[in-house]
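Visitor: missing the sequence, but the structure's below:
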């Protein structure tokens, strides 16, 4: 808190001033600096001198400088460092296929980014991200453009917003991971968090689609949303005003928080304030240049006339470029870091179980939090180990039992086979024996028959021989 | 979902993407400047040296105002304290719309006792305490929008102008402190040395520092690009600066200059031929102030953080059934 007083030359000295101040400032302690007195006396040619008082309540006094110190170059030093380091800016374009997202990016940054137009037959929403290095005078900008491919093309669009939300969260997560590392390199980290989300609204002229509302509601707490009406040369002026009013009222009634350009800094408060009233911007993108009057301008040519992109009466493209790039780029980055990222971080850490204060509202020390988490973790590990060990032992037992069973079976089988084998053997031996008996019997009969034959030959004639022969033959057969 | 896994980067020889016309990206510089000016700056400087070397006067001369502890406690008796005490005084100074919150930490009692062993311990403790405070704020779940920065950005060490070599106390102190903070050594009360003596003294000091591997600001390891290196090399040749402090004005050739009046002449503080105070001021304030803060934040604070987080990850040996403490490195479970 400061007070300024103007004194006349040689008019007051310290004691008088003390009284003066005590009268007008009641109940506050104050300090008067010794310097002012010397100044007053020495500046004999000045008619007055100005000095400052500060209230001691803040614990910090403002000291006047008696010469040029030189730290007014500090913002320049900071800016130079940032310039050497480079900037990065990430834009997410959300909108249905064919609404002119790529063309608008080309027009905004006055260049041709590569890429083919997307087809309409994507099975799900995908995000395509490309990074470009732009340079203008001495500023290096690492621009990343993320575009939704296939948004709004499916028959069932219930989950269309999910890939987008997941992508944004993934970027926050990557930054959070880097921040939580022990050995981290934050100042050289390529920041991929989305700084601005341009939401392309189809130029129906009636109202927002429910897909738009749902998606914007899901995104408004995660990213700075700037809604724009795409291909707005399809809407006439009167319809446009009605459309804009309808959109803003729908957004408000559904509680969607879109990005408001900041109005707290006097230098930009005015322009931002007026621009806030023009949201959502109705834009047209075009990279083709036409000759209009005697200048080449970006325009779209129709049989009934030419729409100039940079003509403020035709569309709000110039406003969008002013707001997005020339006036508020830094603010967008700051909001992303201080608001959206902090919110994500807070939720994520609370989810992980970290708290700032324990139930007695004494702040947790770092050590305690770590120790608690670590012990918990180790306890769980031990439990799991035990469980695994138990399971292992059980399995071993089961396997052993199985194996024993199998062994028993094998033994039985072996015994059975052996028995069979022995039976077979016995049978065969019996058969052999009977065959041997038969052979012996036959041999005996043979010798007996030969004996008879020789006797018969000696005594009888050939008939009996024949008959005997026949008999012998038939006896053999 | 295929997201930023494969960003399509242009082939390296394509380099920078061409812009067909003026886009207005450079306006971001202006925006940044406005924002930082609104937020204000903080700078914390510490002055260390024996009593009587002119530390308070030097600080007053640097910032052209009575910011040292002597000015804010008028009428207190000057007694040499028994132990090293640290006293911080904070002021807000403004110049051309740039507001700066300047904190000057003085160390009366440093090097003044008979036995000066471990007189740097309170200072190291103080510096680490500031890092600790910042770390705690940074680790909170709901953190402040702007974390108050009380870390010491620069430590100016006053070397008595003996003209010989660095004393063991100086070496010890600078060795220990250059690891945790930016140390800028200066030769105090340099009006007692002639120019030749100054040169010789400086050479000897530089050799001593190199021999003991003490890296003072600007450190060689943190030069970012060849331009930086060139600039910093020129500064390194002149380290330590021979300075004279004065807060009284005198008339010289019809101009009012800050200086010391002696019977044999007036030593002009801001005259580069007389002393190197302008160089010190330029280094500290006009050109390298942001660099000092950046190195403190990116290097010294980070190494403190690494040390701190590593030591609280290692549990006490008895409390863990003999499981050895693991040094977890860089994973999510590290918070």
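Guide: Yep, it's here. The model shown is predicted, which means the values in this text are computed figures rather than measured ones. Residues are numbered from 1 along each chain as shown, chains lettered A, B, ... in the order given.

Visitor: Now tell me what touches the longest helix along chain B from outside.
Guide: Criterion DSSP state H: the longest helix present in chain B is helix B:121-139. Contact with helix B:121-139 is made by A:366, B:44, B:46, B:48, B:83-86, B:105, B:107, B:110, B:143-144, B:147-152, B:176-177, B:180-181, B:300-301, B:304-305, B:308, B:335, as judged by Cβ atoms under 8 Å, 6 or more residues apart in numbering or on different chains. (C-beta placed from N, C-alpha, C; glycine too.)

Visitor: Please, where are all the strands along the chain?
Guide: Answering for chain A, as no chain was given. Under the criterion DSSP state E, strands of chain A are mapped to A:2-8, A:30-31, A:48-55, A:61-62, A:87-94, A:126-136, A:139-149, A:196-201, A:225-229, A:281-282, A:289-292, A:295-302, A:305-308.

Visitor: you looked at the wrong chain, it should be chain B
Guide: Going by DSSP E, chain B shows strands at B:41-48, B:87-95, B:98-106, B:154-159, B:183-187, B:241-242, B:249-252, B:255-262, B:265-268.

Visitor: For the first one, the averaged confidence score.
Guide: Across strand B:41-48, pLDDT averages out at 90.

Visitor: That one - which strands sit beside it in the sheet, and in what orientation?
Guide: Here strand B:41-48 is paired, per DSSP bridges, with strand B:98-106 (parallel), strand B:154-159 (parallel).

Visitor: Could you give me the ChimeraX selection string for whichever of the contacts of helix B:121-139 are buried?
Guide: Remark: buried members of those, expressed as a ChimeraX selection using 16 or more other Cβ atoms under 10 Å in any protein chain shown:
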select /A:366 /B:44,46,48,84,86,105,107,110,143,149,150,151,152,176,177,180,181,300,301,304,305,308,335
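
Visitor: Okay, and which of the contacts of helix B:121-139 map to helices?
Guide: A:366, B:176, B:177, B:301, B:304, B:305, B:308.

Visitor: circling back to that earlier point, lowest average confidence across the strands of chain B, which one?
Guide: Among the strands of chain B, strand B:249-252 carries the lowest mean pLDDT, at a mean of 80.

Visitor: touching chain A at all, it?
Guide: No - Strand B:249-252 stays clear of chain A (Cβ under 8 Å from any Cβ of the partner chain), getting no nearer than 8.8 Å.

Visitor: What pLDDT is listed against residue A:456?
Guide: 86.

Visitor: how many other residues sit next to it?
Guide: 14 (other Cβ atoms under 10 Å in any protein chain shown).

Visitor: quick one: it and residue A:470, what's the gap?
Guide: Look at residue A:456 and residue A:470: by Cβ to Cβ, to the nearest Å, they are 13 Å apart.

Visitor: touching chain B at all, stretch A:320-329?
Guide: Yes - Stretch A:320-329 comes into contact with chain B (Cβ under 8 Å from any Cβ), by way of A:321, A:322, A:325, A:326, A:327, A:328, A:329.

Visitor: OK, contacts around residue B:165?
Guide: Residues near residue B:165 by Cβ under 8 Å, 6+ apart: B:204, B:205, B:208.

Visitor: need the contact list for the first one.
Guide: Right, the one you point to is residue B:204. B:164, B:165, B:166 are the contacts of residue B:204 under Cβ under 8 Å, 6+ apart.

Visitor: go on, residue A:336?
Guide: Residue A:336 touches A:193, A:194, A:195, A:223, A:224, counting by Cβ under 8 Å, 6+ apart.

Visitor: Repeat the analysis, applying 7 Å as the threshold.
Guide: A:193, A:195, A:224 (Cβ atoms under 7 Å, 6 or more residues apart in numbering or on different chains).

Visitor: Put the buried members of the residues you listed into a ChimeraX selection.
Guide: The buried residues among these can be selected in ChimeraX (16+ other Cβ under 10 Å) with this line:
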select /A:193,195,224
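
Visitor: so which of the contacts of residue A:336 comes closest to residue A:95?
Guide: Of all the contacts of residue A:336, residue A:95 sits closest to residue A:224, with 16.0 Å by Cβ to Cβ.

Visitor: ok, that closest one touching residue A:333?
Guide: No - here residue A:224 does not reach residue A:333: they are 9.5 Å apart, not a contact under Cβ atoms under 7 Å.

Visitor: which neighbours do those two share?
Guide: residue A:195.

Visitor: Buried residues, the longest helix of chain B. List them.
Guide: Applying 16+ other Cβ under 10 Å to helix B:121-139 flags B:122, B:123, B:124, B:126, B:127, B:128, B:130, B:131, B:134, B:135, B:139 as buried.

Visitor: With distance to residue A:71 and pLDDT as added columns, please give those in TSV.
Guide: Putting those into TSV (distance: Cβ to Cβ, whole Å; pLDDT from 0 to 100) gives the following:
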residue	distance to residue A:71	pLDDT
B:122	29	88
B:123	25	90
B:124	28	91
B:126	24	91
B:127	23	91
B:128	27	91
B:130	21	91
B:131	24	92
B:134	22	90
B:135	27	87
B:139	31	82
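
Visitor: Between those, which sits nearest chain A?
Guide: Nearest to chain A among the buried residues of helix B:121-139 is residue B:139, at 6.7 Å by Cβ to the nearest Cβ.

Visitor: Any idea how far stretch B:164-172 is from the middle of the chain?
Guide: Chain-centre distance of stretch B:164-172: 20 Å, with Cα atoms, centre = their mean, to the nearest Å.

Visitor: got the buried residues for that stretch?
Guide: For stretch B:164-172, the neighbour count (16+ other Cβ under 10 Å) marks B:166, B:167, B:169, B:170, B:171, B:172 as buried.

Visitor: Verify the contact between the fifth one and residue B:212 for me.
Guide: In this case it means residue B:171. Yes - contact status for residue B:171 versus residue B:212: in contact at 5.8 Å, counting by Cβ under 7 Å.

Visitor: For chain B, give me the ranges with low pLDDT.
Guide: B:1-16, B:68-83, B:312-335 (pLDDT under 70).

Visitor: can you redo the strands of chain A as JSON lines with mean pLDDT, distance to chain B and mean neighbour count?
Guide: Output for the strands of chain A, formatted as JSON lines (pLDDT from 0 to 100; distance: least, Cβ to the nearest Cβ, whole Å; neighbours: other Cβ atoms under 10 Å in any protein chain shown):
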{"stretch": "strand A:2-8", "mean pLDDT": "47", "distance to chain B": "10", "mean neighbour count": "12"}
{"stretch": "strand A:30-31", "mean pLDDT": "38", "distance to chain B": "9", "mean neighbour count": "13"}
{"stretch": "strand A:48-55", "mean pLDDT": "40", "distance to chain B": "8", "mean neighbour count": "17"}
{"stretch": "strand A:61-62", "mean pLDDT": "74", "distance to chain B": "5", "mean neighbour count": "18"}
{"stretch": "strand A:87-94", "mean pLDDT": "90", "distance to chain B": "6", "mean neighbour count": "23"}
{"stretch": "strand A:126-136", "mean pLDDT": "85", "distance to chain B": "4", "mean neighbour count": "19"}
{"stretch": "strand A:139-149", "mean pLDDT": "87", "distance to chain B": "5", "mean neighbour count": "21"}
{"stretch": "strand A:196-201", "mean pLDDT": "91", "distance to chain B": "13", "mean neighbour count": "24"}
{"stretch": "strand A:225-229", "mean pLDDT": "90", "distance to chain B": "17", "mean neighbour count": "23"}
{"stretch": "strand A:281-282", "mean pLDDT": "88", "distance to chain B": "16", "mean neighbour count": "24"}
{"stretch": "strand A:289-292", "mean pLDDT": "79", "distance to chain B": "9", "mean neighbour count": "13"}
{"stretch": "strand A:295-302", "mean pLDDT": "84", "distance to chain B": "9", "mean neighbour count": "14"}
{"stretch": "strand A:305-308", "mean pLDDT": "86", "distance to chain B": "15", "mean neighbour count": "15"}
